[in-house]
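[1] Sequence and predicted structure are below.
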Amino acid sequence: MRRAKISVIGAGNIGGECARSIAMKELGDVVLLDIPNREKPELHMPRGKALDLACCGPVENFDARITGTFEYQDIEGSDVVVVTAGVPRKPGQSRDDLVQINAGIVKNVATNIKQYAPNAVVIVVSNPLDAMVYVMWKATGFPAHRVMGQAGALDVARYKTFLAMELGVSVEDIQGLLLGGHGDDMVPLPRRTSVNGIPITDLLPAEKIQACVDRAKVGGGEIVKLMGTSAWYAPSAGTVEMVESIVRDKKRVIASAAYCEDEYGVAPGQKGKGLFVGVPCVLGSRGVEKIISFKLDETERKFMDESISHVRDLIGVVKRMFPEMA
Ligand code: APR
């Protein structure tokens, strides 16, 4: 049987860590693609990184071919393409500040994916996520179920981490979900969060839960302040969780940025006018195989509407840059 082929566009911090984790889990062969360094044309960073990663194989006991390239033809036949190309945040920057530069990069990457990997499922990681996944969808013209964004997997991971720290229990025993846009825009769902089925609202006072929610919202910014650039371990872990569900057809339910119209009242009855926002998705070999909808209470509805409106504003910026995406 053929091994899955997973291409990672952008071989920087997140891309490199994604490649490592995909190989460690033996999810398939990995192609790492990046662009040449204009100031140092003698370097070939993706090839170097791929070689370094390949040499972990005998120690970590994995069989995976890892190659590094500047050429899009090498992504041909990819089952999944992960897109981390773009610039990360610097201290003082919001994710939205990246839109002008990253939208152009993601559009260029999308055009190449359309040409060289027309059957792939695409996971976008570049920020501002909810807008970049829209650019990917428009520029590839792929069916919406084959384009999604990674944000919820990371936000949920941060949320669970802070709750586990507060409760003094294993992270494995926290179940929870978030909706909406990435980070600051996420919609918390404390009434749907539990420790092995015991609602956290029975275990923690409201202000402690709120503190965990707030820290998860700005968790990315907290790390940017500490490191001078954005995080990569947890973003990669969240991304590879999605890759695994797709290549192993596991049908995991993972909060992902997926195309919604009627779902969660994003654009009811307005065909083609929907947006990508974080919602619970069943991820399998066909990509987003199902969006799970449930009724929100009044507060959740308010947060969700704010989140949708923020994503819509950002898409407005994208549409002004690329009128053909309107
Ligand atoms: N094609 C391919 N790769 C590109 C392109 C392009 N057109 N433009 C930039 N890149 C590459 C860069 O050369 C770099 O190696 O994308 C890589 C990005 O890596 P980092 O700078 O290390 O950034 P990283 O932390 O991995 O974040 C990447 O994901 O979460 C988001 O906000 C984050 O937008 C950022 C992206």
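    Cool, the structure landed.

[2] Can you give me the pLDDT of residue 115?
    Reported pLDDT at residue 115 in the predicted model: 98.

[3] and the nearest residue to residue 200 once chain neighbours are set aside, what does it touch?
    By the measure of C-beta to C-beta, 6 or more residues apart in numbering, the closest residue to residue 200 outside its immediate chain neighbours is residue 193, 4.8 Å from it. C-beta here means a position set from N, CA and C on the backbone, and glycine is covered the same way. For residue 193, the contacting residues are 159, 163, 174-177, 199-200, 209, by C-beta atoms under 8 Å, 6 or more residues apart in numbering.

[4] Most neighbours of all those, which one?
    Sorting these by how many neighbours each has (other C-beta atoms under 10 Å) puts residue 159 first, at 27 neighbours.

[5] Pull the contacting residues for it.
    With contact taken as C-beta under 8 Å, 6+ apart, residue 159 is in contact with 176, 178, 188, 193, 212-213, 216.

[6] Can you name the residues of the stretch 151-300 of the chain sitting close to the ligand?
    For the stretch 151-300 of the chain, the residues in contact with the ligand (C-beta under 6 Å from any ligand atom) are 230, 232, 235.

[7] What segments of the stretch 201-326 of the chain are helices?
    Under the criterion DSSP state H, counting those that start in this stretch, helices of the stretch 201-326 of the chain are mapped to 206-217, 219-227, 233-247, 298-321.

[8] What's the mean pLDDT across the second one?
    Pointing back at helix 219-227 there. What helix 219-227 shows for mean pLDDT is 94.

[9] And that helix, what does it pack against?
    Counting contacts by 3 or more C-beta pairs under 8 Å, 6 or more residues apart in numbering; DSSP states H and E, helix 219-227 is packed against helix 152-167.

[10] Measure how the helix it packs on sits relative to helix 206-217, angle-wise.
    Helix 152-167 runs at 140 degrees relative to helix 206-217, counting by axes from the mean of the first three to the mean of the last three C-alpha atoms, to 10 degrees.

[11] quick one: which helix or strand includes the residue lying closest to residue 43 once chain neighbours are set aside?
    Setting aside the residues directly before and after it, residue 43 is nearest to residue 37 in space (C-beta to C-beta, 6+ apart), at 5.0 Å. Secondary-structure element containing residue 37, defined by DSSP states H and E: none, the residue being outside all helices and strands.
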